[in-house]
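Colleague: how would this look folded up:
(chains A and B)
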Amino acid sequence: MIEVLDPGALLTVQDSGRHGYAHLGVSPSGACDPRAARVANLLVGNRVRDAVLETTLTGAVLRAHEGAVIAVTGAQADVFVGDVPAPRGRPVRLGAGQVLEVGAAISGMRNYIAVRGGVDVPAHLGSRATDTLSGLGSDPLRAGDRLEIGASAAAAQDLFAGPFAEPDRVPGPHEQVTLTLEPGPRADWIRDTGDLETRVFTASADSNRIGLRLTGPALAWAREGELASEGLVAGAVQVPPGGQPVIFLADHPTTGGYPVMGVLDAASLSLAAQVRPGQPVVLALAS
Amino acid sequence: MKAQVRPLGSRAVIAEVDDSAVVPDLAERLRDARSEGEFAAVEIVPAARTVMVSGLDRADRETVASLVSSWDLSAHEVATGPIVNLAVDFDGPDLADVASVWNMSAAEAVDTISSTHFEVAFCGFAPGFAYLSGLGEGRAVPRRSEPRTSVPAGSVGLAGPYAGVYPRSSPGGWQIVGTVRDAVLWDVDRTPPALLEPGTRVRFVP
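Modeller: Residues are numbered from 1 along each chain as shown, chains lettered A, B, ... in the order given. Here you go, the predicted model:
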């Protein structure tokens, strides 16, 4: 059992997502930074689809009510077990009663906390992910919530033997982030994509698990008219008439009615989930 | 009619047709081809004039593109999906506005809606929210200029050429003409969770 002492700005249960129901209007949800969540699970010997906790900008504080093995990945943040600093990107043992503190993100936006055995909350449509758009999955966690730990699927193994890769570097809070776009279905709706890489956008504070909103030099439409709504995927970069792009993240709606000029590649999707409000962002077309 | 295939990143495609009436044929052929193992995909999502297919590897993207371009698509002449009759109280606040757009009385508007054979063209906006085709472009109505901040669950709305039923309370800009009685549009503990899936035929019964 793990108790939430402080959920920070937003602490949710996430996994690899709720797939196969988009035709019924169900968003994929799941970890916004799929790579960081996957690494956290691997570090504690979990399956990649096991449920983890996702923090948002301000970290979280948890108490283990039984012995547990955890790993923290994602944003750069100070991690403590009690008063003792603990590493990110390594398995860490928590004794019964010990407190894990993931501090506010120094670089990046979201941390992932995997627990050996996985976080065990009821699954909806095959997933434990909290979908902030539709309300599927458990509610965002509050102080005092208690979470069961699942039975570990993996055979006993020495998780602590290493060697361990260095944690992924997360760009600093003021560092310009370049996100790579693969071709989208409506690239021809947008004018001036030739100089896309010279346009510096700023990540908006309106961003959330549904989308990373960018503000900056408007991307003008090359045509008038309306597009009928069509299917979306995570990473789709949609350009509304005002020309301020929205990059869809895990809780995106299943369809959208504005042109999608491109789709982030997998590495850029994970990176986009770590972009902080105010951070400069450049979109680059894949070569 | 032929569909055109457009890329949606490296793992998904959008197949597009000029006529929304052939989307059900396109979606059904894609679902059948996936069931027969011609390709593996995570999602097949019909929309107004497109079907999106996602979770494709490189080889399956090629397969989907060549399959889609080989098909001569047509509108279903006879709908074959399951039939759901929804009992409706036509007490919606926008019924008079809809009747006025259609240049008829409120009673005639109720007759028009309840005599229409609807079919779920696609779902979206919220889990279990079905876009019901059948009214046709001639009966298209504009969305409300000011969306409501909260539309009650079970509200029956019209927008563009579509009708829809709100599965749960949410903001919304559709013209509300009535409320369904006793139908649960969405229940995650039911299989399937959505009462109205693509292809389902729907009648609104006063």
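Colleague: so who does residue A:252 touch?
Modeller: Contact analysis of residue A:252 by Cβ atoms under 8 Å, 6 or more residues apart in numbering or on different chains lists A:27, A:28, A:133, A:210, A:211, A:232, A:233, A:234, A:236. For the C-beta atoms, the positions are set from N, CA and C on the backbone; glycine is no exception.
Colleague: buried members of those into PyMOL, please.
Modeller: In PyMOL, the members of these classed as buried (16 or more other Cβ atoms under 10 Å in any protein chain shown) are selected with the following command:
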select buried, chain A and resi 27+28+133+210+211+232+233+234+236
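Colleague: restrict the contacts of residue A:252 to contacts with chain B.
Modeller: Here is what survives when the contacts of residue A:252 are matched to chain B using Cβ under 8 Å from any Cβ of the partner chain: A:232, A:233, A:236.
Colleague: the second one is in contact with residue B:7, isn't it?
Modeller: No - using Cβ atoms under 8 Å as the test, residue A:233 is too far from residue B:7 to be in contact (11.1 Å).
Colleague: quick check: residue B:113 touching residue B:175?
Modeller: No - with contact defined as Cβ under 8 Å, residue B:113 and residue B:175 do not form a contacting pair (11.1 Å).
Colleague: overlap of the contact sets of the two?
Modeller: Residues touching both residue B:113 and residue B:175 (Cβ under 8 Å, 6+ apart) are residue B:158.
Colleague: neighbour count for those two, which is higher?
Modeller: A side-by-side neighbour count of residue B:113 and residue B:175, using other Cβ atoms under 10 Å in any protein chain shown, places residue B:113 first with 25 against 21.
Colleague: which strand or helix spans the more buried one?
Modeller: Per DSSP states H and E, residue B:113 falls inside helix B:106-114.
Colleague: quick check: buried residues in the least confident helix or strand in chain B by mean pLDDT?
Modeller: Of all helical and strand segments in chain B, the minimum by mean pLDDT, DSSP states H and E falls on strand B:170-172, at a mean of 85. Of the residues in strand B:170-172, those scored as buried under the neighbour-count criterion (16+ other Cβ under 10 Å) are B:170, B:172.
Colleague: which is the next helix or strand following that strand?
Modeller: Following the chain from strand B:170-172 toward its C-terminal end, the next helix or strand by DSSP H and E is strand B:175-180.
Colleague: can you give the strand pairings for whichever helix or strand comes after that next one, parallel or anti for each?
Modeller: The first helix or strand that comes after strand B:175-180 along the chain, using DSSP H and E, is strand B:201-205. Taking DSSP bridges as the criterion, strand B:201-205 sits next to strand B:83-89 (parallel), strand B:118-123 (antiparallel) in its sheet.
Colleague: quick one: pLDDT of residue A:237?
Modeller: pLDDT for residue A:237: 98.
Colleague: nearest residue to the closest residue to chain B within the stretch 101-250 of chain A in space, ignoring adjacent ones along the chain?
Modeller: Each residue of the stretch 101-250 of chain A has a distance to chain B, by Cβ to the nearest Cβ, and the smallest belongs to residue A:231, at 2.6 Å. In space, residue A:231 comes closest to residue B:52 once its chain neighbours are excluded; the distance is 2.6 Å by Cβ to Cβ, 6 or more residues apart in numbering or on different chains.
Colleague: the one you found is in what secondary structure piece?
Modeller: According to DSSP H and E, residue B:52 maps onto strand B:50-54.
Colleague: quick one: strands adjacent to that strand?
Modeller: Looking at strand B:50-54 with DSSP bridges, its paired strands and their directions are strand B:12-16 (antiparallel), strand B:43-46 (antiparallel).
Colleague: helix, strand, or coil at the residue located most distally from the centre of chain B?
Modeller: With Cα atoms, centre = their mean as the measure, chain B has its most outlying C-alpha, relative to the mean C-alpha position, at residue B:59: 30.1 Å. The assignment at residue B:59 comes out as helix when based on DSSP: H, G, I helix; E, B strand; the rest coil.
Colleague: is chain B within reach of the lowest-mean-pLDDT helix or strand in chain A?
Modeller: Each helix and strand of chain A was given a mean pLDDT (mean pLDDT, DSSP H and E); the minimum falls on strand A:255-256 at a mean of 92. Yes - contact between strand A:255-256 and chain B is present through residue A:255 (criterion: Cβ under 8 Å from any Cβ).
Colleague: that strand: what's the following helix or strand?
Modeller: Using DSSP H and E, the helix or strand that follows strand A:255-256 in sequence is strand A:260-264.
Colleague: enumerate the residues of the stretch 51-200 of chain A near chain B.
Modeller: A:124, A:125, A:134, A:135, A:136, A:182, A:183, A:184, A:185, A:186.
Colleague: so what's the first one up against?
Modeller: Contact criterion Cβ under 8 Å, 6+ apart gives A:18, A:136, A:137, B:188 as the residues in contact with residue A:124.
Colleague: tell me who's in contact with the last one.
Modeller: I take that to be residue B:188. Contacts of residue B:188 (Cβ under 8 Å, 6+ apart): A:124, A:125, A:136.
Colleague: any idea how far residue A:122 is from it?
Modeller: Distance, residue B:188 to residue A:122, using Cβ to Cβ, to the nearest Å: 10 Å.
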